[in-house]
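Colleague: coords please:
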Amino acid sequence: MLAKIQNEEWIPGEKIPSISQITSEFNVSRETVRLSLENLVHRGVLQPRQGKGYFVASQDKISLRVALLCKIDGVYIKPIYQGLIDEMGEKISIQVNEIRQSEKTLTSLLEDFITRQAIDRILVVPISGREDEIDKILMPFKRRIKIGWIDKAPAITKDPVFLCDYKACVDVAVNHFRNNGMKQLFYFSRNPEDQSIFTKMRDAFRNAVSQRNTGMGVISDWHHILSIINSNQNPVGIMAESDTEAVYLLSRLKTNDIKIPQQVSIISCDNSEITDLVTPSITSVDPGFVELGRKVRMWIHGDFGAEDNHSPVVFYSSPILIQKESSV
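Modeller: Prediction:
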């Protein structure tokens, strides 16, 4: 019904077909039609008139309702939310919901989204490693509501996906180091090797530097980095896997009287607030979460083209370097 209104098959001020006609056209139950009509009235899409039926309301009064399913304390939720608001303003209502709940609780929440809250879209920022598990919980609801994935997605999905280009994040940092004449580059991470985005970033870094010098690569021990810095006359470039890794490394090097950025330049793959709260402030690659929030608008409005039933529509953000004090 909403598609008919958006496509102007049903125009503002026009009376829509009766419940019986809609039941027959869409081959659904009267209860499904009744709940759908109530949802559209609640959103301001339709206006009921006593004894006359339902009429299409003015389009400029319609507010889209979006549920954001995520770790509500996740560092990327604020920029994603900001991107959505920047792009859509008052035309969108966003409900942020915690994803770290039991399967039973999540199922009840999803049912409530559809039957009571008139949610138009669900955006999922999944917990790393649990993408397929969460997708399985969502599967029964996909015939009733459209679902999109941000930052991570199941291995096989037909849903729209909005991703940060983490290989490009690595390239931005490596190119910055090289443009400033640094010949020894390293990647700092204490995280284990797994199937996460971090592992993909490490692989991208190895590929980026492998042709230059076999002595460069991924290091997990800051003592090792300290010895490399002290044995070099020229500045060393280090990309830290995240903001927390960058702050940790910065504090250890400062304790050992390493001059930053004179002896070592540090770039973090995260432009969170904590990179500005330390001294020196940490140069960062912004993966583009605000941009992803803005790109989601196209999917919410449905104006990016027809969705392919066989493969997902994938959108990537474009990372940018935020120059601060920790790098030359």
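
Colleague: next one: the residue of the chain most remote from its centre from K15, what distance?
Modeller: Taking C-alpha atoms, centre = their mean as the measure, the residue most remote from the mean C-alpha position of the chain is G51, 45.9 Å away. Distance of G51 to K15, given as C-beta to C-beta, to the nearest Å: 12 Å. Glycine gets a C-beta too; all of them are placed from N, C-alpha and C.

Colleague: now the residue farthest from the centre of the chain: which helix or strand?
Modeller: G51 is part of no helix or strand when elements are defined by DSSP states H and E.

Colleague: need phi/psi at it.
Modeller: Dihedral pair for G51: phi 80, psi 0, per degrees, to the nearest 10.

Colleague: low-confidence ranges in the stretch 151-300 of the chain?
Modeller: 195, 211-215 (pLDDT under 70).

Colleague: show me the strands in it, by range?
Modeller: For the stretch 151-300 of the chain, strands defined by DSSP state E, counting those that start in this stretch occupy the ranges 161-163, 185-188, 217-219, 236-240, 264-268, 283-286.

Colleague: any chance of CSV for those strands, columns distance to A153?
Modeller: Conversion of those to CSV gives the following (distance: least, C-beta to C-beta, whole Å):
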stretch, distance to A153
strand 161-163, 4
strand 185-188, 25
strand 217-219, 25
strand 236-240, 25
strand 264-268, 24
strand 283-286, 21
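
Colleague: could I get the ones you listed as TSV with distance to Y248 and mean neighbour count?
Modeller: Formatted as TSV, the strands of the stretch 151-300 of the chain follow (distance: least, C-beta to C-beta, whole Å; neighbours: other C-beta atoms under 10 Å):
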stretch	distance to Y248	mean neighbour count
strand 161-163	27	22
strand 185-188	9	23
strand 217-219	13	16
strand 236-240	8	27
strand 264-268	11	27
strand 283-286	15	24
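
Colleague: and F141, which of these is closest to it?
Modeller: strand 161-163 (17.6 Å; C-beta to C-beta).

Colleague: residues making contact with that closest one?
Modeller: 148-153, 292, 295-296, 299, 312-317 (C-beta atoms under 8 Å, 6 or more residues apart in numbering).

Colleague: what does stretch 50-61 give?
Modeller: Here stretch 50-61 makes contact (C-beta under 8 Å, 6+ apart) with 5, 10-16, 18, 37, 40-41, 44-49.

Colleague: whichever of the residues you listed end up buried, select them in PyMOL.
Modeller: Filtering these down to the buried ones (16 or more other C-beta atoms under 10 Å) takes a single PyMOL command:
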select buried, resi 5+10+16+37+40+45+46
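
Colleague: inside helices: which ones of the contacts of stretch 50-61?
Modeller: 5, 37, 40-41 (DSSP state H).

Colleague: and of those residues, the nearest to R178?
Modeller: I5 (53.4 Å).

Colleague: just give the closest residue to that closest one, not the sequence neighbours.
Modeller: Excluding its sequence neighbours, the residue lying closest to I5 (C-beta to C-beta, 6 or more residues apart in numbering) is V56, at 5.7 Å.

Colleague: please name the bridge partners of the one you found.
Modeller: Listed beta-bridge partners, V56: L46 (assigned using DSSP bridges).

Colleague: isn't there a helix covering R143?
Modeller: No. Counting by DSSP: H, G, I helix; E, B strand; the rest coil, one finds R143 to be coil, located in no helix.

Colleague: so how far is stretch 109-125 from its chain's centroid?
Modeller: 18 Å (C-alpha atoms, centre = their mean, to the nearest Å).

Colleague: wait, I meant stretch 27-47
Modeller: Relative to its chain's centre, stretch 27-47 lies at 31 Å (C-alpha atoms, centre = their mean).

Colleague: C-alpha coordinates for that stretch, CSV please?
Modeller: Once non-C-alpha atoms are left out, stretch 27-47 reads as follows in CSV (Å, rounded to 0.1, in the frame of the first residue of the first chain):
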residue,chain,number,x,y,z
ASN,A,27,-4.3,-12.2,-1.0
VAL,A,28,-4.0,-11.6,2.7
SER,A,29,-6.3,-11.8,5.7
ARG,A,30,-8.6,-9.0,6.8
GLU,A,31,-6.7,-8.8,10.1
THR,A,32,-3.4,-8.2,8.2
VAL,A,33,-5.1,-5.4,6.2
ARG,A,34,-6.6,-3.9,9.4
LEU,A,35,-3.3,-3.8,11.2
SER,A,36,-1.6,-2.3,8.1
LEU,A,37,-4.2,0.4,7.9
GLU,A,38,-3.7,1.2,11.6
ASN,A,39,0.0,1.4,11.1
LEU,A,40,-0.3,3.8,8.2
VAL,A,41,-2.8,5.9,10.1
HIS,A,42,-0.4,6.0,13.1
ARG,A,43,2.4,7.3,10.8
GLY,A,44,0.2,9.9,9.2
VAL,A,45,0.2,8.2,5.8
LEU,A,46,-3.6,7.6,5.8
GLN,A,47,-6.5,9.6,7.4
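
Colleague: done for today, thanks.
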